[in-house]
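Visitor: Okay, sequence plus prediction incoming.
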Amino acid sequence: MEKLSRVHVSELSVYEAKAKLFRLSRSHGEYGKMLSTFGENLNVMRADEKFVFRTYTEEADKRFNQLVKIAKRLDAFDLIILSEASTVGELLTEDTEVLSLRD
């Protein structure tokens, strides 16, 4: 990530990260601090010129509709993130189902 001039972030990924922290904080108390400082940390990222937060566009939606035909095992959220990434040309993910589509 350090080598990239810009890091594009899907707004959906922001919601997904908050939801995961919320879920984890219910069963593991150590996530509570991260949950409570999420917005503050998000503002730091939004203020950094390196981060570009992407909204869902018509171009991404067209790509989504194409991906539905070939990526049948992905859920809608993965398809949205993948379609947004395809408009940028880069994707950083740990999602094994998405990574299985590399070729």
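Guide: Sure, I can see it.
Visitor: Report the central residue of this protein.
Guide: Relative to the mean C-alpha position of the chain, the nearest C-alpha, by C-alpha atoms, centre = their mean, is the one of Ser13, at 3.1 Å.
Visitor: Now do the same contact list for it.
Guide: By C-beta atoms under 8 Å, 6 or more residues apart in numbering, the contact set of Ser13 is Ile81. Glycine gets a C-beta too; all of them are placed from N, C-alpha and C.
Visitor: and what of Glu90?
Guide: For Glu90, the contacting residues are 4, 8, by C-beta under 8 Å, 6+ apart.
Visitor: neighbouring contacts of the one helix or strand Gly39 maps to?
Guide: Using DSSP states H and E, Gly39 maps to helix 38-47. For helix 38-47, contacts defined as C-beta under 8 Å, 6+ apart pick out 9, 14, 17-18, 21, 51, 53.
Visitor: Centre of the chain to it, how far?
Guide: A distance of 15 Å separates the centroid of the chain from that of helix 38-47, by C-alpha atoms, centre = their mean, to the nearest Å.
Visitor: same deal with stretch 22-30?
Guide: Here stretch 22-30 is found 20 Å from its chain centre; the criterion is C-alpha atoms, centre = their mean.
Visitor: All set, thanks.
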